[in-house]
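A.B. asks: Please work out how this folds:
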Amino acid sequence: MDIADYYRQLGLRSGASLSQVKAAYRQLARQYHPDVNPGNEAAKNKFITITEAYKFLVNIAPSPSDAAESKVPNSTQQQTVKVTRKPSPTENNQEFSAAEEKLKQDAYLQLQQLLKYQRFPRAIALVEGLAQRIPDDAEVRQWQAIVYQRWGRYLIGEKQVDKARIYLKKAVKTDPHNGALWAEVERDFRRLEQIY
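C.D. replies: Next up, the predicted model:
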């Protein structure tokens, strides 16, 4: 089940706020709670499903303080997936279906949340799946490279030097024309050298 499915279980659109998640869960929990529906197996299963969705979303749904933080730039705060680059003329002419655009938009929101909460393996799985679905999209390649770089940086902090080096190299190889990414990876490699 992906993040959008968890939102759907609570009857919400992707990216709903923490207060909306809590309100939707309370309403559905009252409706499907086993004490209110004794002996009703379908209600019990629905209650389990919405509780699982709530437990997941409560950790990633944006709170009002998150929205305020994202508006105020903070030099200590890591940048979310916003590095831009100029696509080549052939990439500009590429048109996507409405479904692919929706998929990209949902994936972007999910990716921001996963990076915010440092759920890097899930972020990698999400962006690699998206890259397989839309292989020629420059923006998706950029997101993929950024996720690899962030995972590599995290691994440096965890002293997993060899694995960090692999992901930093993957980042550069995935999006070789991104100057801002190169600068970040270069900084990370300097940190790696300090560890040795």
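
A.B. asks: Would you point out which residue is most central in this protein?
C.D. replies: Nearest to the geometric centre of the chain sits residue 111, at 1.6 Å (CA atoms, centre = their mean).

A.B. asks: I'd guessed that residue sits against residue 122; true?
C.D. replies: No - look at residue 111 against residue 122 with CB atoms under 8 Å: they stay out of range, at 9.5 Å. Using the backbone N, CA and C atoms, a C-beta is placed for each residue, glycine as well.

A.B. asks: Would you mind measuring from the residue nearest to the centre of the chain to residue 53?
C.D. replies: Counting by CB to CB, to the nearest Å, the gap from residue 111 to residue 53 is 19 Å.

A.B. asks: Give me the neighbour count for residue 189.
C.D. replies: 17 (other CB atoms under 10 Å).

A.B. asks: for it, what are its contacts?
C.D. replies: In this structure, residue 189 makes contact with 165, 168, judged by CB atoms under 8 Å, 6 or more residues apart in numbering.

A.B. asks: Residue 147 versus that one, what's the distance?
C.D. replies: In terms of CB to CB, residue 189 sits 18 Å off from residue 147.

A.B. asks: Count the neighbours of residue 36 for me.
C.D. replies: Counted with other CB under 10 Å, residue 36 comes out at 12.

A.B. asks: which SS state does it fall under?
C.D. replies: Three-state call for residue 36 (DSSP: H, G, I helix; E, B strand; the rest coil): coil.
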